[in-house]
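> sequence plus the predicted model coming up.
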Amino acid sequence: MADPVSGIPPGGSSGGGGDDGHARERRAEQRHPAQAFHAIATVRVRPGIQATLIDLSASGAQLETARRLLHGSFVHVQFLTGHGVTTVRARVVRNHVGTLSACLIRYRSAVRFDRRLSWLPP
């Protein structure tokens, strides 16, 4: 099964890089798991779609939602903390079904922010 963020199959190549069979890292920023951000209480995709933060970087995030976010569309992601709300405009760059069962469907989406989040660690 392909990596849900990069779309690269295990042991596959991203189309560039060496011929040693290892996928080349294409991400511009280091991703941090959601657990590293205890201050983020809630994540929403406007208008009011609850989201689960999977991971986060200064230039994008991976989210899971009950509603599908359309590839190529622009959304506003809100991060709610004890200090207030940060809203950033983002483009949906990837989307696929993350969880599927008889009574539940959840979508995984990768979004790229229009501006870097300056409050993230390098």
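Perfect, thanks for sending it.

> I'd say residue 55 and residue 34 touch.
Yes: the criterion here is Cβ atoms under 8 Å, and residue 55 meets it with residue 34 at 6.1 Å. The C-beta positions use only the backbone N, C-alpha and C, and glycine is treated the same way.

> how close does residue 118 sit to residue 71?
27 Å (Cβ to Cβ, to the nearest Å).

> higher neighbour count, those two?
residue 71 (13 against 7; other Cβ atoms under 10 Å).

> check contacts around that one.
92-95 (Cβ atoms under 8 Å, 6 or more residues apart in numbering).

> swap in 7 Å and give it another go.
92, 94-95 (Cβ atoms under 7 Å, 6 or more residues apart in numbering).

> now, those residues that are in strands?
Under the assignment DSSP state E, these contribute 92, 94-95 to strands.

> can you tell me which of those are buried?
By the neighbour-count criterion of 16 or more other Cβ atoms under 10 Å, those include these buried positions: 92, 94-95.

> can I get these in JSON lines including distance to residue 40 and pLDDT?
JSON lines is the format used below for these (distance: Cβ to Cβ, whole Å; pLDDT from 0 to 100):
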{"residue": "92", "distance to residue 40": "20", "pLDDT": "96"}
{"residue": "94", "distance to residue 40": "21", "pLDDT": "94"}
{"residue": "95", "distance to residue 40": "21", "pLDDT": "94"}
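
> of those residues, which is the nearest to residue 30?
Lowest distance from residue 30 to those (Cβ to Cβ) belongs to residue 94, with 18.2 Å.

> spatially nearest residue to that closest one, not counting backbone neighbours?
The shortest distance from residue 94 to any non-neighbouring residue, by Cβ to Cβ, 6 or more residues apart in numbering, is to residue 110 (4.0 Å).

> many thanks, we can stop here.
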